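> Pasted the sequence and its predicted model underneath.
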Amino acid sequence: MSWFVRGILGGIRTMRRAVRAESAPGTTPGLPTSVSPATAEQRALEAICPTNAIIAEDGGVRVREERCVHCMRCSPAVTAAPLPWRDDVAWVRGARQEIDEAALRGAFRRSIHVRVVDAGDCGSCLSELTHLNDPLYNMHRLGIFVTPTPRQADVLVVVGPVTEQMRSALLEAYDAMPEPKRVLAIGACASSGGIFGPSFTSAAGASDVVPVDVMLPGCPPPPLAILDALLALTGDRKR
Ligand code: SF4
Ligand code: SF4
């Protein structure tokens, strides 16, 4: 029972800042970023990226973050000519344009209720998402709650590339939500299809099926990046 006594004495403290660099062991270590100009060795990384996330163009390298599956082949840990690697967690981005936080703030003034749809994820994105309920992250203190029914949901969170079997279920969940509603695609799969799609078994991400407002790259994104994305949907990332 020593673990029990240690837990009682030490406790688990909720982190004071909702979003900061994520350093917990096992979390995805940052994201590769675009660079211009790039060296010949950096441009050559285009050939080894398994998901065509790296595009060598105009003397530089552009990284399509939504396609990156964190294979680490372009990281300082693996290659002598790595891409710049960001270690923050503010990875969220608008699906079609930059995030208009003012417009989002107008839609949701206080708490939000989130309906999560597993549209064929491998389990990791969903696992990182579940951690937001842990005392350490404690999303409830920020007014973010999970609801089992789309009829009470403000935000539809999608993980996975949307398999053919889940396409109609995702669409039905979206249609059942009241206005105003927003859609957040979490992970490379939901953002772009990742390593699975598009194929005969899955779509190229959630935007193939429902209108996505905000996407979060990562494979999987760490809990703090997900928290940051949810706060972006409330238009309140500074909280
Ligand atoms: S870490 Fe991402 S961008 Fe780099 S090679 Fe792997 S998939 Fe491509
Ligand atoms: S993005 Fe990566 S971690 Fe998330 S469901 Fe796809 S393969 Fe799994």
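Cool, got the structure. Numbers count the residues shown, from 1 in each chain. Ligands and ions are numbered 1, 2, ... in the order given.
> the bottom helix or strand of the protein by mean pLDDT?
helix 101-107 (a mean of 66; mean pLDDT, DSSP states H and E).
> Would you check that residue 116 makes contact with residue 160?
No: in this structure, residue 116 is not within contact of residue 160 by C-beta atoms under 8 Å, at 10.6 Å. Backbone N, C-alpha and C define where each C-beta goes, glycine included.
> These two: which has the busier surroundings?
For residue 116 versus residue 160, the count of surrounding residues by other C-beta atoms under 10 Å is larger for residue 160: 29 against 21.
> Please read off the pLDDT at residue 220 from the model.
pLDDT, residue 220: 92.
> Now residue 81. Nearest residue, chain neighbours left out?
residue 41 (3.3 Å; C-beta to C-beta, 6 or more residues apart in numbering).
> got the residues of the protein near ligand 1?
32, 49-51, 53-54, 63, 68-74 (C-beta under 6 Å from any ligand atom).
> Just give me the closest of those residues to residue 142.
Distance to residue 142, by C-beta to C-beta, is smallest for residue 70 among these, at 26.4 Å.
> what number of residues lie near the nearest residue to the closest one once chain neighbours are set aside?
Residue nearest to residue 70 in three dimensions, not counting chain neighbours: residue 219, with 4.5 Å by C-beta to C-beta, 6+ apart. Residue 219 has 21 neighbouring residues, counting by other C-beta under 10 Å.
> hey, C-alpha coordinates of the longest strand along the chain in CSV?
Across the chain, the strand with the greatest residue count (assigned by DSSP state E) is strand 112-118. Taking C-alpha atoms only, strand 112-118 is exported to CSV below (Å, rounded to 0.1, in the frame of the first residue of the first chain):
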residue,chain,number,x,y,z
ILE,A,112,-18.2,23.8,-24.2
HIS,A,113,-19.5,20.2,-24.5
VAL,A,114,-17.5,17.9,-26.7
ARG,A,115,-18.7,14.8,-28.6
VAL,A,116,-15.8,12.6,-29.6
VAL,A,117,-16.1,10.3,-32.6
ASP,A,118,-13.5,7.6,-33.1
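> Show residues contacting whichever helix or strand comes after that strand.
Going down the chain from strand 112-118, the next helix or strand is helix 124-130, by DSSP states H and E. Applying C-beta atoms under 8 Å, 6 or more residues apart in numbering, the external contacts of helix 124-130 come out as 27, 116, 118, 157, 159-160, 186-187, 189-190, 218-223, 226.
> which of the residues you listed are close to ligand 2?
159-160, 187, 189, 219-220.
> Now intersect the residues you listed with the strands, please.
residue 159.
> Now the ones next to ligand 2 among the contacts of helix 124-130 in CSV, please, with extra columns for distance to residue 127.
Converted to CSV, those look like this (distance: C-beta to C-beta, whole Å):
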residue, distance to residue 127
159, 10
160, 13
187, 11
189, 14
219, 12
220, 7
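> other SSEs contacting the longest strand of the chain?
Judged by 3 or more C-beta pairs under 8 Å, 6 or more residues apart in numbering; DSSP states H and E, strand 112-118 is in contact with helix 124-130, strand 144-146, strand 155-159, helix 164-176, helix 223-233.
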